[in-house]
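>>> using only what follows, build the 3D model:
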Amino acid sequence: MNLGNIKDLLEAEVIIGEDQLDMVVKTAFVADLMSDVLAFATAGSLLITGLTNPQVVRTADVLDIAAIIMGRGKRPSRETAQLAEKLNIPVLTTKYILFEASGRLYSEGVRGCIERVTSK
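Got it, this is the predicted structure:
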């Protein structure tokens, strides 16, 4: 599914990355704890979060996350948006809660980075 389809499906607004709507995304990860994102998310995935701070963009950059969706109608701070633009990471915002956004994406074929955590 490309980012443009995701935008339409989630009735999202593109904050950064209007020129990247053709990007294809097959997996996603949902979290507000960036430590969980670092531990479990994979490169090329969509990050769905309720956080809006620059740390979200820094984490996405470290993991080569494809794009960030901010849920619950949240918008990035100016500092966060500037960092995302500098690092060329698309940021979208949707009014859907994280659960609904995830469900809509899943129903259209986007899968999680991992299915479940295995014991170590």
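
>>> where does the prediction get shaky in this structure?
Low-confidence segments of the chain, defined by pLDDT under 70: 119-120.

>>> ranges for the helices of it?
For the chain, helices defined by DSSP state H occupy the ranges 3-9, 34-40, 54-63, 78-87, 98-107.

>>> and the contacts of the second one?
The set of residues that contact helix 34-40 without belonging to it, under Cβ atoms under 8 Å, 6 or more residues apart in numbering, is 29, 31, 47, 49, 51, 55-56, 59-60, 62-63, 65, 113-114, 117. All C-beta atoms are positioned from the backbone trio N, CA, C, and that covers glycine.

>>> and those residues, which are buried?
For the contacts of helix 34-40, a burial check counting by 16 or more other Cβ atoms under 10 Å picks out 29, 31, 47, 49, 51, 56, 59, 60, 63, 65, 113.

>>> residues contacting residue 68?
The neighbours of residue 68, taking Cβ under 8 Å, 6+ apart as the test, are 46, 47, 48, 49, 56, 57, 60, 84, 89, 90, 91, 92.
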